[in-house]
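[1] quick one, fold the following:
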Amino acid sequence: KRQALQQANAEIRQTQAELIRSEKMASVGQLAAGMAHEVGNPLGALMGYLDFLKGELPAGTQRDIVERSLVEAGRIDRLVRDLLDYASPSRSDRQVFEPVAAVREAVELLSSQGAFEGLRLENGLPGSLPAVGLVRHQLIQVFINLLLNARDASPEGGLVTLTGGEDGKEIRLSVRDEGCGMNPEVLSHIFDPFFTTKAPDQGRGLGLAVCQRMVADANGRLEVRSRPGQGSEFIVRLPKAEEQA
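    Sure thing, here's the model as predicted:
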C-alpha cells in the first residue's frame with residue numbers, strides 16, 4: 001500500500017507540473033504572438049528600406065554599414081518567426097508521411113552545410129517506420145534543432161547517434177550526444193521559453209520550446225534523458241497515423 005501511495009503521489013506531482021507548464025506556455029504564447037506581430041510589421045518595413053538603400057549605394061563604407069544592419073535586422077526577424085512558431089504552430093498542410101525520410105532530409109541539409117565537421121554521426125535509423133500525421137517540414141525543423149543542439153553539446157570528435165523504432169501505437173525517433181549532460185535543475189527548465197545554457201550570441205532559448213510545441217500539436221511527446229557527464233538523449237514520440245484514423 002505504501003508503494004502504491006508513493007506512486008500515486010508521484011503521478012499527482014507530475015500532473016501538477018505538466019499543468020503548470022502548460023498554463024505557463026499558453027500565457028507566454030499569447031504574449032509572444034502579440035509581440036511578434038507588433039515587432040514584425042515595422043521590422044519588415046525597416047528591412048525593405050535598408051534593402052532599397054543598399055541598392056542605391058556604391059560599394060564602400062556606407063554600403064557596408066547598411067549590409068551589416070540588414071544582417072542584424074535579419075536576426076531579429078528570425079527571432080520574430082520563432083516567436084510566431086512557438087505561439088501558433090501551423091496546422092495547415094498536415095500530411096501523412098513516412099518519418100525516417102524526413103529525418104534523413106534534416107541530416108543531409110545540415111551535412112551539406114558542414115554542421116557535423118569534427119564530429120562522428122552514427123545513423124542507426126531503420127529503413128522506414130509507419131507513417132505519422134503532421135506538417136512534414138515541422139518534423140524536419142524539429143530534428144534540425146535537435147541535431148544542432150547535439151552538435152553544440154558535443155566535444156571534438158564526439159559521437160551523435162540517431163535511432164528509431166516502434167513502441168506499440170507510437171513511433172520513436174531519437175538524437176543522442178556524448179556532451180556534458182544536464183543536471184536536474186536544468187532539466188526541469190529545458191522546455192521553458194527563453195531558457196538557455198548557451199552564450200547570449202549562440203541561442204535564444206526558443207528552439208526546444210518550439211520543438212516541444214510542434215510535437216505536442218501532433219499529439220506526440222518530446223522527452224529528454226540526461227545526466228551530468230553522460231550526455232543527453234532527446235526522444236520524439238509520435239502516434240502512428242493509422243491509430244489516429
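[2] Gly165 bridge partners, please.
    For Gly165, the beta-bridge partners are Arg172 (DSSP bridges).
[3] how far away is it from Ile235?
    10 Å (CB to CB, to the nearest Å). C-beta here means a position set from N, CA and C on the backbone, and glycine is covered the same way.
[4] got it, and Gly55?
    48 Å.
[5] settle it for me: which of these two has more neighbours?
    Legend: neighbour count by other CB atoms under 10 Å for Gly55 and Ile235, higher for Ile235 (18 against 9).
[6] so what does that one have for phi and psi?
    Here is the backbone geometry of Ile235 (degrees, to the nearest 10): phi -120, psi 120.
[7] any idea how far Glu178 is from it?
    For Ile235 relative to Glu178 (CB to CB), the value is 16 Å.
[8] what number of residues lie near Ala241?
    The number of residues packed near Ala241 is 18, by other CB under 10 Å.
[9] ok, it touching Leu129?
    No. Between Ala241 and Leu129 there is no contact under CB atoms under 8 Å: 10.8 Å.
[10] where does pLDDT dip in the protein?
    Scanning the chain for pLDDT under 70 picks out the ranges 1, 8-37, 82-93, 193-206, 243-245.
[11] for the protein, what spans make up the strands?
    Taking DSSP state E as the criterion, the chain carries its strands at 95-97, 120-124, 132-134, 159-167, 170-176, 221-226, 232-239.
[12] stretch 163-180: which residues count as buried?
    Neighbour counts over stretch 163-180 (16 or more other CB atoms under 10 Å) mark 163-164, 170-180 as buried.
[13] quick one: end-to-end distance for that stretch.
    Terminal residues of stretch 163-180 lie 20 Å apart, using CA to CA, to the nearest Å.
[14] now do stretch 166-174
    12 Å.
[15] can you list contacts of it?
    The contact list for stretch 166-174 (CB atoms under 8 Å, 6 or more residues apart in numbering) reads 99-100, 103, 125, 129-130, 132, 143, 162-165, 220, 233-240, 243.
[16] check stretch 235-245 too.
    96, 99, 130-134, 139, 142-143, 146, 166-167, 169-174, 215, 218-225.
[17] mind giving me the PyMOL command for buried ones among the residues you listed?
    Selection of the buried residues among the contacts of stretch 235-245 in PyMOL, burial being defined by 16+ other CB under 10 Å:
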select buried, resi 99+130+132+133+134+139+142+143+146+170+171+172+173+174+215+218+220+222+224
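[18] now do stretch 53-60: everything it contacts.
    63, 66-67, 70.
[19] ok, those residues vs Leu109, which is closest?
    Distance to Leu109 across the contacts of stretch 53-60 (CB to CB) is lowest for Leu70, with 23.8 Å.
[20] what's the neighbour count on the closest residue to the closest one other than its chain neighbours?
    Residue nearest to Leu70 in three dimensions, not counting chain neighbours: Leu50, with 5.0 Å by CB to CB, 6 or more residues apart in numbering. The local packing of Leu50 (other CB under 10 Å) involves 19 other residues.
[21] appreciated, that's everything.
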